[in-house]
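Q: here is a sequence together with a model predicted from it:
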Amino acid sequence: MSLGTSIEWTDATWNPVRGCTKISPGCKFCYAERFAERFRGVPGHPFEQGFDVRLVPEKIREPLRWKTPKRIFVNSMSDLFHESIPDSYIFQVAQVMREANWHIFQILTKRHDRMARLLSGLLSPFAAEAHIWWGVSVEDKKHGLPRLKRLQKTEIAVRFLSIEPLLEDLGEIDLKGISWVIVGGESGPGARPMQADWVRSVQNQCHRDCVPFFFKQWGGARKAAAGRVLDGRTFDNFPSPQPVHAVPHRGKASSLDPWVAFVPVEALANT
């Protein structure tokens, strides 16, 4: 887990999985892949295997050790619903999120079909948890808007959208049932430009439909210089605060702390 994250809409990141593979245009210049591949082959480095998908079970219990409530982005360096990740392992991650209920967990995926299937089945015990936010990436009409529609049909407490990188004008968006919208441009080498009118369109629709709007960045090759001001102001809106549950006393062990009942990694298989 990382305490010092540069991601503006979260407080910390937690990566019980590392690595991913590209599935849509939004993945073309993936920042996580670019970072991870810099360290491929470096002995002992967390990304010694580059951006290859792998489980990191020793990281699963980390949120239980954080006693100060935080917003935690789950798998900033992967996708929890990647096809290579066993259902049983995803269930273990969700168990920890439910147990560490003094935090807010932000899960973001491009694999909306698998997320929806699991939330209506194996993960259904976690779907009503208000401190677990389930989101999808929306980069364009063809790939992103179908994810939004599937998310809206999924029975969960909190739904959100990460419209980043925004690659085109999305037009009219159905925001029914959406609790939060993040918008951002692509950053880094080769970043595709984002037009101000595309952002304004989303912001205006969020304002109309009373959906909290967070503008993350303009992006570009020089992200810091471009900043995150839209029409003279910053937009840092979040959903209404969720109730903060009591943090377990240090002398009282929770059902998952200090030991989670792990299945050996080599024995994990999709259920």
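A: That came through fine.
Q: how about the helices in this protein?
A: Listed in chain order, the helices found in the chain under DSSP state H are 31-37, 62-65, 87-99, 112-119, 141-152, 196-209, 223-226.
Q: may I have the last one exported as PDB, CA atoms only?
A: This file holds the C-alpha atoms of helix 223-226, laid out as PDB (Å, rounded to 0.1, in the frame of the first residue of the first chain):
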ATOM      1  CA  LYS A 223       0.600  17.300 -16.500                       C
ATOM      2  CA  ALA A 224       1.700  19.600 -13.700                       C
ATOM      3  CA  ALA A 225       1.900  22.600 -15.900                       C
ATOM      4  CA  ALA A 226      -1.500  22.000 -17.400                       C
END
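Q: what's that helix packed up against?
A: Using 3 or more C-beta pairs under 8 Å, 6 or more residues apart in numbering; DSSP states H and E as the contact criterion, no secondary-structure element is in contact with helix 223-226. Backbone N, C-alpha and C define where each C-beta goes, glycine included.
Q: check which residues of that helix are buried.
A: By neighbour count, and taking 16 or more other C-beta atoms under 10 Å as the criterion, the buried residues in helix 223-226 are Lys223, Ala226.
Q: His45: which of the helices of the chain is closest?
A: Ranking the helices of the chain by proximity to His45 (C-beta to C-beta) places helix 31-37 first, at 9.5 Å.
Q: which residues does the nearest residue to Val199 once chain neighbours are set aside contact?
A: When the adjacent residues along the chain are set aside, Val199 lies closest to Val183, with 5.6 Å between them (C-beta to C-beta, 6 or more residues apart in numbering). The contact partners of Val183, by C-beta atoms under 8 Å, 6 or more residues apart in numbering, come to Ile163, Glu164, Leu166, Val199, Val202, Gln203, Phe213, Phe214, Phe215, Lys216.
Q: in contact with the fifth one, which residues are there?
A: Contact analysis of Val202 by C-beta under 8 Å, 6+ apart lists Ile163, Leu166, Leu170, Ile173, Val181, Val183, Phe213.
Q: what's the per-residue pLDDT of it here?
A: What the model reports as pLDDT for Val202 is 98.
Q: still on that earlier bit, so for Pro25, which of the helices of the chain sits nearest?
A: Between Pro25 and those, the shortest gap by C-beta to C-beta is with helix 141-152, which sits at 6.5 Å.
Q: quick one: that closest one to chain centroid distance?
A: On the basis of C-alpha atoms, centre = their mean, to the nearest Å, the separation between the geometric centre of helix 141-152 and that of its chain is 16 Å.
Q: what residues of that helix count as buried?
A: By neighbour count, with 16+ other C-beta under 10 Å as the criterion, the buried positions of helix 141-152 are His143, Gly144, Leu145, Arg147, Leu148, Leu151.
Q: ok, the first one to Leu170 distance?
A: To tie it back to what came earlier, the one meant is His143. Relative to Leu170, His143 is positioned 11 Å away (criterion: C-beta to C-beta, to the nearest Å).
Q: what sits against the residue nearest to the spatial centre of the chain?
A: The chain has Leu108 as the residue nearest its centroid, 2.9 Å off, counting by C-alpha atoms, centre = their mean. Residues counted as contacts of Leu108 (C-beta under 8 Å, 6+ apart) are Phe73, Val74, Asn75, Asp79, Gly135, Val136, Ser137, Ser162.
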